[in-house]
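no sequence on this one, just coordinates:
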């Protein structure tokens, strides 16, 4: 895991779900959490350098002309391809998950009662793999 606190962006147009997810992370982790109700707000604040972004797939609840999750994901990846983005959706459809992965999402999580635990595991896994990659790179540079 990172030595300093992880900065997490939560992006969802469902205000109740966004607040409950924020409270879960604030009460059960030591992360710095920033929340955004639109993809546009997330993109505007990428200069805050998030370590991880959890992004809703739809994002059209506030403004039907808002960027959807895939468009937001593409903009995040064009800004910084190394930011891991976990996509969230209430849709438990394989084609939606595959679409997210084709757009370079780190993972896809269905919104349900286990979503918070799975998101936590995703974040832990990402930083664990990142650490292993750095160590491997260090060893390989020595050969």
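Cool, got the structure. Here the structure is a predicted model, which is why all the values come from computation and not from measurement. Residues are numbered from 1 along each chain as shown.

now residue 29, nearest residue through space, not along the chain?
Among residues not flanking residue 29 along the chain, residue 120 sits closest, at 6.9 Å (C-beta to C-beta, 6 or more residues apart in numbering). (C-beta placed from N, C-alpha, C; glycine too.)

my guess is the one you found meets residue 28, correct?
Yes - Residue 120 is within contact range of residue 28, at 7.4 Å (criterion: C-beta atoms under 8 Å).

Which of those two has more residues huddled nearby?
residue 120 (15 against 11; other C-beta atoms under 10 Å).

Confirm that the more buried one sits in a helix.
Yes - counting by DSSP: H, G, I helix; E, B strand; the rest coil, residue 120 falls inside a helix.

now residue 55, what's its secondary structure?
State at residue 55, reduced to three classes by three-state DSSP: strand.

ditto for residue 18
At residue 18 the chain is in helix, as set by three-state DSSP.

and it, what pLDDT?
pLDDT for residue 18: 94.

For the residue nearest to it when sequence neighbours are not counted, give me its contacts.
Closest residue to residue 18 apart from its sequence neighbours, by C-beta to C-beta, 6+ apart: residue 12 at 4.3 Å. Residues in contact with residue 12, defined by C-beta atoms under 8 Å, 6 or more residues apart in numbering, are 18, 21, 35, 37, 54-56, 59, 88.
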